[in-house]
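Q: with the sequence up front, the predicted model follows.
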Amino acid sequence: MAHERDALITGVGIASCLGSGEAAHWQALNDFSPVLDTMSFPPFAVHPMAPLDLDKQIPKRGDQRQMEPWQRIGVFAAGLALDSAGVKGNTELLSRMGMIVAAGGGERDYAVDATILSGYPKAENPGAYLNEHLLGDLRPTLFLAQLSNLLAGNISIVHGVIGSSRTFMGEEASGADAVRIACARIAAGQGDIMLVGGSYNAQRPDVLLHVEMGGLLRRAPFEPVWARQASGGGMILGSLGCFLVIESRAHAAARGVAAYGQIAAIRTDRCGRRPGEATAKARAQLASMAGQYDPAGAAVISGASGAAAVTLEEQAFLGELGLPVRASVTALGSTLEPSFPASLALAAMSVRHGMLFPPLEAAEQAMMAPLQQALVTSWGHWRGEALALVTAA
């Protein structure tokens, strides 16, 4: 039953290797071909950001210059979401719009990193060596440039979103919790309209090093998420920005806007990732949605990262549901903080069109029936399990 405090998605802003905006993504998903850069960071591939016309969303060149790439991507996607929701430039509305951003840190000083990494193993006293170089080589201004809340600050400056603001860190789980808290605040009457999302720049040697130190990157040739599990799995990172405008049903109705869909339920949790624990969390989350979830006319948008153990476990869990599944990471890459908002965006687009886009690989089944609901999963590559249900508004 519809309620005035229901959380509706009324704006979608997404930029990735597939292009810029909802229409470009819908077209690319319906005629899918993977977009990869295999030359810049061998032996690893990345899904690179498509060329962006930054002037359309960040009109001042001075603003563009002072941002790092991950911030430009995020501010651009936020502008797309505001345009999509029909609130761009509405000073009165933007002044009370809340914002929750999921973001990591900024760029690093690669020369300093290289010096430390090469010298540390040879140092007579590794601890003293590390302290000396961290204290002496890192510039204070570099630390300031890495602050995760700079994305929210730049969105406020460029787009005028000046209501409450929060920034979460914590890879995939941060994006899921950002959406969950936005929905909870709307349900509790603590806000009527929220801008939620994040950005990630995968085209950086430091983030590739960070993930590879955990033995998680894919070295073999590209394969879709499910298919690559037969050859050891692995993550292929992707650059992406995604923001959603989420607002109460009453507020959307008062503005006379059509919604993409309703976030009918959302749950987040975390476990130690012993075998079966993530599955148990997911089953409990799905059971808690029994009142809203109807498998007839439903499909799954999975955020499975490709990391071997957890992806295999999620694949087995999804197999129990008997629903058509699409792995968003096959098309967009593993994008960490904005991964869950991006999967929600694909779900919302699909629900609005009343159809699921075609399979992205042979392991995914076609869906001929009209789409009425989409389950959105996010099992972080290391921690964090989330599930959301997107329904027609």
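A: Sure thing, it's come through. Residues are numbered from 1 along each chain as shown.
Q: residue ranges with poor pLDDT in the stretch 151-300 of the chain?
A: Across the stretch 151-300 of the chain, nothing is flagged by pLDDT under 70.
Q: and stretch 108-125, how far apart are its ends?
A: Taking CA to CA, to the nearest Å as the measure, stretch 108-125 stretches 25 Å from start to finish.
Q: what sits against the nearest residue to A362 once chain neighbours are set aside?
A: Nearest residue to A362, sequence neighbours excluded (CB to CB, 6 or more residues apart in numbering): A227, at 7.1 Å. Quick note: C-beta positions are derived from backbone N, CA and C, even for glycine. A227 sits next to 361-363 when contact means CB atoms under 8 Å, 6 or more residues apart in numbering.
Q: show me how to select, in PyMOL, the buried members of those.
A: Command for PyMOL, covering only those of the contacts of A227 found buried under the criterion 16 or more other CB atoms under 10 Å:
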select buried, resi 361
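Q: which ones among the contacts of A227 lie within strands?
A: Counting by DSSP state E, the contacts of A227 place none of their members in strands.
Q: tell me which of the contacts of A227 is nearest to Q146?
A: E361 (36.5 Å; CB to CB).
Q: which ones are touching the residue lying closest to that closest one once chain neighbours are set aside?
A: Nearest in space to E361, with sequence neighbours left out and distances taken as CB to CB, 6+ apart, is P224 at 3.5 Å. P224 makes contact with 34, 327, 330, 360-361, 363, according to CB under 8 Å, 6+ apart.
Q: and the residues you listed as CSV, adding pLDDT?
A: As requested, the contacts of P224 are arranged in CSV below (pLDDT from 0 to 100):
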residue, pLDDT
P34, 97
A327, 98
T330, 98
L360, 98
E361, 98
A363, 96
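Q: adding distance to P370, write those out as CSV.
A: Shown next, in CSV, are those (distance: CB to CB, whole Å):
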residue, distance to P370
P34, 28
A327, 22
T330, 24
L360, 20
E361, 23
A363, 23
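Q: out of those residues, which are inside helices?
A: T330 (DSSP state H).
Q: need the max-distance pair from the contacts of P224.
A: Going by CB to CB, the pair spanning those furthest: P34 and A363, at 15.1 Å.
Q: next one: the residue lying farthest from the centre of the chain from L323, what distance?
A: In terms of distance from the mean C-alpha position of the chain, E124 ranks first, at 42.5 Å (CA atoms, centre = their mean). Using CB to CB, to the nearest Å, E124 is found at 59 Å from L323.
Q: same question, A114
A: From A114 across to L323, the span is 47 Å (CB to CB).
Q: more crowded one of those two?
A: In this view A114 and L323 are compared by other CB atoms under 10 Å, and L323 has more residues nearby, 18 against 12.
Q: contacting residues around the more buried one?
A: Residues counted as contacts of L323 (CB under 8 Å, 6+ apart) are 295, 298-300, 375.
Q: that one: which element?
A: If you go by DSSP states H and E, L323 is not part of any helix or strand.
Q: distance of it relative to A182?
A: 26 Å.
Q: any chance you could map the helices in the stretch 201-350 of the chain?
A: Here the stretch 201-350 of the chain has its helices, by DSSP state H, counting those that start in this stretch, at 205-212, 249-255, 277-287, 308-321, 328-332, 339-353.
Q: same for the third one, what does it pack against?
A: Contact analysis of helix 277-287 by 3 or more CB pairs under 8 Å, 6 or more residues apart in numbering; DSSP states H and E lists strand 261-269, helix 308-321, strand 373-379, strand 385-391 as its packing neighbours.
Q: could you dump those to TSV with distance to E92 and mean neighbour count?
A: Listed next are the helices and strands packed on helix 277-287 as TSV, based on distance: least, CB to CB, whole Å; neighbours: other CB atoms under 10 Å:
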stretch	distance to E92	mean neighbour count
strand 261-269	25	22
helix 308-321	43	17
strand 373-379	32	27
strand 385-391	29	26
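Q: out of those, flag the one nearest L216.
A: helix 308-321 (8.5 Å).
Q: and that closest one, average pLDDT?
A: Averaged across helix 308-321, pLDDT comes to 97.
Q: next, the angle strand 385-391 makes with it.
A: 40 degrees (axes from the mean of the first three to the mean of the last three CA atoms, to 10 degrees).
Q: in PDB, list the C-alpha atoms belonging to helix 308-321.
A: C-alpha atoms of helix 308-321 as PDB (Å, rounded to 0.1, in the frame of the first residue of the first chain):
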ATOM      1  CA  ALA A 308      36.400 -15.600  -6.100                       C
ATOM      2  CA  ALA A 309      35.100 -17.000  -2.800                       C
ATOM      3  CA  VAL A 310      32.300 -14.500  -2.100                       C
ATOM      4  CA  THR A 311      31.200 -14.400  -5.700                       C
ATOM      5  CA  LEU A 312      30.800 -18.100  -5.900                       C
ATOM      6  CA  GLU A 313      28.800 -18.100  -2.600                       C
ATOM      7  CA  GLU A 314      26.500 -15.300  -3.900                       C
ATOM      8  CA  GLN A 315      26.000 -17.200  -7.200                       C
ATOM      9  CA  ALA A 316      24.900 -20.300  -5.300                       C
ATOM     10  CA  PHE A 317      22.500 -18.200  -3.200                       C
ATOM     11  CA  LEU A 318      21.000 -16.500  -6.200                       C
ATOM     12  CA  GLY A 319      20.600 -19.800  -7.900                       C
ATOM     13  CA  GLU A 320      18.200 -20.800  -5.100                       C
ATOM     14  CA  LEU A 321      15.900 -17.900  -6.000                       C
END
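Q: so how far is it off the chain centroid?
A: Chain-centre distance of helix 308-321: 20 Å, with CA atoms, centre = their mean, to the nearest Å.
Q: who does that helix touch, helix- and strand-wise?
A: helix 277-287, strand 298-302, strand 373-379.
Q: what does the second one contact?
A: Spelled out, it's strand 298-302. 225, 314, 318, 321, 323-328, 343-344, 346-347, 350, 356, 367, 371-377.
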